[in-house]
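Trainee: Need a 3D model of the sequence below.
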Amino acid sequence: MQRNQTQENRRGVRKGPGRRSVAMLLAVALGVLAACSGGTEGDDAATLDSFEAGVFRGIPRGFDPAFAGLPYGLSLLAVLEPLVSVDVATGEFVPNLAESYEQVDETTYTFQLRDDVTFSDGSPMTVEDVVYSLSIHLDPSEESSLAGDWESVESVEATGEREITVRLTQPNILFLTVLASSGVLLHSVREEQGDSRGTPSALPVGTGPYTIADFAPSELAVLERNEEYWGEPAPVRDLTIRVVGDENTALASFRAGELDAVFEVPALRSAQYEDNGTLVTAVDPEFTQVFLNPNIAPFDDEHVRRAVIHSIDKEGVANSVYGGFAAPAPAIVSRPLLEQLMTQSEVETLLEEVSLPYDMNLAREELAQSEYPDGFSVETVVNGAEPDLGQFALAIQDNLSELGIELEFSEINQTQYTDAVFLREPHDIGFGISTFGFNSYTPYEQILGLMLPGFSNLADYGGPEVERLVEELVALSPDDTEQIGETISALLRQHAEDAVYGTVVAGDSISALRDPYTYEDYSPAWVLGPWYRQLLLGT
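Mentor: Predicted coordinates for the structure are as follows:
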């Protein structure tokens, strides 16, 4: 067995120029599949008949642009391609279905569409298809999961035979990121499907390297290579992505040879995969946190929020729950991402200033100043699709009990958790546990996800100063790293006063691949790119 540790330390990379240096943290070498016995005789040597991956999350409830975004992008975007995509080797946005694009001014983008793109049924992609597909996220009746991200978009319209223009109501530093998660489909087919669109009996027609052979909502996606694909053919003929119900099922299926890979394996179980394959690990920008909604009692009391955060033994949780594959997280932006904006010494100084450390004496002092000096009881839910979170909740439960705070929690499935925690408006959970940052490859994405109004701001965190700084950050150019760093620093200082999100640990991303598969340079951003092209097959 091998262990491929692709990041040498937890510091990430050094200060650099914006998106280019950010990408170095997340760079994934674009590999090709070597010749293997799994290929079909006579085919190109890069062809593999099949590959089956197990994931704990990542299959949408409906195969439709309204369910776009990560981690659903690992299956959706292989079928429904976006206009632009992220080049994981450079971190820059590159044309995809668009041949080129231009930011005309702060709020206007134009996209010139390729003229050689066809849908999997042979129909040519038209400007009407693109305008229709993007407009899904602007229509309230569609209830798109990306609707909040598209709120700054004023209009999407055809301004030429192969040109579309997108106008924003205000500058938005995240616009291209959002666009890279927004797939295009054949609009005439979707219109005919009506309310059944996206279901197993009414699947979309896309332009991507794969078509959908089978789909079970929130459970399974079986993709077949689109032999008429306009671009480079996919190297794997049949690609299966299966949600594994729990960590025991994942491990048993991997050992039995039923799965070629399990992505994001639980840290404490990772060693059990070693006899049958290779572990690949990388520093992950994602962190695990508690969130405390300041609009819901007793967490409307800032002393209660501070008491809770100070009571959490971050190092103890990192060791007991994640077995060395995690480190304490001092702030709501990951250390490696901050180092894209400032030097390591500047980062250390900032983190020392804004962290709320584990200190039971401070926790007791804060609780004594609150309206609940003797403690209280609270209930919450945990996403059972993320296996480490149950153990995480138990550890937090023990910490809080020392303050007289009784935490009761129940584990529910991914769909139930999404409905109960993310999709309520306003959010109505006072104390919650979640992971955050899975798709954050820039520091401004990470912090804006927790502070912009929307489904990922689970605490509905805001206030005049936060809103002012967020508006300032959103309006900046991605290349203005100095001002981005100053604004993010101000937001971190404000959050240190408000104590709403209690970040606890930042862990490694760990995946297991059966011998002889591996990644040459694994990254936690595996889902951002065409991950099926990034597998390597050893001898």
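
Trainee: What is the neighbour count of K314?
Mentor: 25 (other C-beta atoms under 10 Å). Bear in mind the C-beta positions are built from the backbone N, C-alpha and C, glycine included.

Trainee: close enough to count as contact, it and A329?
Mentor: Yes. Counting by C-beta atoms under 8 Å, K314 does reach A329; the two are 7.0 Å apart.

Trainee: What's the mean pLDDT across stretch 256-264?
Mentor: Stretch 256-264 shows a mean pLDDT of 93.

Trainee: For that stretch, which residues meet the burial criterion?
Mentor: 259-264 (16 or more other C-beta atoms under 10 Å).

Trainee: where in the stretch 401-539 of the chain is pLDDT low?
Mentor: For the stretch 401-539 of the chain, the stretches with pLDDT under 70 are 437-440, 524-526, 528-529, 536-539.

Trainee: Break down it into its strands, ranges please.
Mentor: Applying DSSP state E, counting those that start in this stretch to the stretch 401-539 of the chain gives strands spanning 406-412, 431-436, 501-514, 517-519, 535-537.

Trainee: where's A250, which helix or strand?
Mentor: According to DSSP states H and E, A250 maps onto helix 247-255.

Trainee: for that helix, the distance to its chain's centre please.
Mentor: On the basis of C-alpha atoms, centre = their mean, to the nearest Å, helix 247-255 sits 24 Å off its chain's mean C-alpha point.

Trainee: Likewise for stretch 293-312?
Mentor: Mean-position distance between stretch 293-312 and its chain equals 27 Å (C-alpha atoms, centre = their mean).

Trainee: got it, and stretch 274-292?
Mentor: With C-alpha atoms, centre = their mean as the basis, stretch 274-292 stands 13 Å off its chain's centre.

Trainee: Also stretch 201-213?
Mentor: The chain centroid and the centroid of stretch 201-213 are separated by 23 Å under C-alpha atoms, centre = their mean.

Trainee: buried residues in that stretch?
Mentor: Burial within stretch 201-213, assessed by neighbour count using 16+ other C-beta under 10 Å, is assigned to 202-212.

Trainee: Same list (those) but as JSON lines, adding distance to D521.
Mentor: Below are the buried residues of stretch 201-213 laid out as JSON lines (distance: C-beta to C-beta, whole Å):
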{"residue": "A202", "distance to D521": "39"}
{"residue": "L203", "distance to D521": "34"}
{"residue": "P204", "distance to D521": "32"}
{"residue": "V205", "distance to D521": "34"}
{"residue": "G206", "distance to D521": "28"}
{"residue": "T207", "distance to D521": "28"}
{"residue": "G208", "distance to D521": "24"}
{"residue": "P209", "distance to D521": "22"}
{"residue": "Y210", "distance to D521": "24"}
{"residue": "T211", "distance to D521": "29"}
{"residue": "I212", "distance to D521": "30"}
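
Trainee: Which of these fall within strands?
Mentor: 210-212 (DSSP state E).

Trainee: any idea which helix or strand carries R306?
Mentor: According to DSSP H and E, R306 maps onto helix 302-310.

Trainee: And V79, by the same measure?
Mentor: Of the helices and strands defined by DSSP H and E, none includes V79.

Trainee: That one: neighbouring residues, count only.
Mentor: V79: 24 surrounding residues under other C-beta under 10 Å.

Trainee: Surely it touches I212?
Mentor: Yes. In this structure, V79 is within contact of I212 by C-beta under 8 Å, at 5.9 Å.

Trainee: any shared contact partners between those two?
Mentor: Shared contacts of V79 and I212, defined by C-beta atoms under 8 Å, 6 or more residues apart in numbering, are found at 63, 204, 223.

Trainee: Spit out the contact partners of the closest residue to the second one other than its chain neighbours.
Mentor: Ranked by C-beta to C-beta, 6 or more residues apart in numbering and with sequence neighbours excluded, the top spatial neighbour of P204 is L185, at 4.4 Å. The neighbourhood of L185, defined by C-beta under 8 Å, 6+ apart, consists of 64-65, 80, 119, 129, 133, 204-206.

Trainee: Could you break the chain into its assigned domains?
Mentor: Listed domain ranges for the chain are 31-262, 284-508 (source: automatic domain parsing).

Trainee: Could you point out the helix or strand that follows the worst-scoring helix or strand of the chain on mean pLDDT?
Mentor: Within the chain, confidence by mean pLDDT, DSSP states H and E is lowest for helix 19-26 among all helices and strands, at a mean of 32. Later in the chain than helix 19-26, the nearest helix or strand by DSSP H and E is strand 48-55.

Trainee: Just the mean pLDDT for that next one, thanks.
Mentor: Strand 48-55 carries an average pLDDT of 90.

Trainee: now that strand and strand 501-514, what's the angle there?
Mentor: Relative orientation of strand 48-55 versus strand 501-514 (axes from the mean of the first three to the mean of the last three C-alpha atoms, to 10 degrees): 150 degrees.

Trainee: So which elements touch strand 48-55?
Mentor: When contacts are defined as 3 or more C-beta pairs under 8 Å, 6 or more residues apart in numbering; DSSP states H and E, strand 48-55 packs onto strand 236-243, helix 247-255, strand 261-262.

Trainee: That strand: partners in the sheet, and parallel or antiparallel?
Mentor: strand 236-243 (parallel), strand 261-262 (parallel) (DSSP bridges).

Trainee: Among the contacts of L185, which lie within helices?
Mentor: Among these, the residues falling in helices (DSSP state H) are 129, 133.

Trainee: thinking again about what came up before, can you check which of the helices and strands packed on strand 48-55 gets nearest to D460?
Mentor: D460 lies closest to strand 236-243 among those, at 29.1 Å (C-beta to C-beta).

Trainee: Show residues contacting that closest one.
Mentor: By C-beta under 8 Å, 6+ apart, the residues outside strand 236-243 that reach it are 33, 40, 47-59, 74-75, 78, 210, 213, 218-225, 259, 385, 414, 532, 535.

Trainee: Counting neighbours, which of these end up buried?
Mentor: Buried, going by 16+ other C-beta under 10 Å: 33, 47-48, 51-59, 74-75, 78, 210, 218, 221-225, 259, 385, 414, 532, 535, out of the contacts of strand 236-243.

Trainee: ok, back up a step: of the helices and strands packed on strand 48-55, flag the one that's most buried.
Mentor: Mean neighbour count (mean count of other C-beta atoms under 10 Å) peaks for strand 261-262 among the helices and strands packed on strand 48-55, with a mean of 26.

Trainee: what residues does that strand touch?
Mentor: Contacts with strand 261-262, where a contact means C-beta under 8 Å, 6+ apart, come from 51-55, 244, 250-251, 253-254, 273, 511-514, 517.

Trainee: Which of the residues you listed sits closest to T159?
Mentor: For those, the nearest to T159 is V55 (39.6 Å; C-beta to C-beta).

Trainee: Please verify my assumption that the closest one contacts L74.
Mentor: Yes. If you go by C-beta under 8 Å, V55 and L74 touch, sitting 7.2 Å apart.

Trainee: hmm, back to that, and the contacts of strand 261-262, which is closest to A475?
Mentor: Within those, the smallest distance to A475 is 36.0 Å, found for V55 (C-beta to C-beta).

Trainee: how near is the nearest residue to the closest one once chain neighbours are set aside to Y522?
Mentor: Leaving aside its sequence neighbours, V55 sits nearest to F263 (C-beta to C-beta, 6+ apart; 5.1 Å). Computed as C-beta to C-beta, to the nearest Å, the F263 to Y522 distance reads 10 Å.

Trainee: where do the contact lists of these two overlap?
Mentor: Taking C-beta under 8 Å, 6+ apart as the criterion, F263 and Y522 both touch S511.

Trainee: now the strands for the stretch 251-400 of the chain?
Mentor: 261-262, 277-292, 326-328, 377-383.

Trainee: Q103 in helix, strand or coil?
Mentor: strand (DSSP: H, G, I helix; E, B strand; the rest coil).
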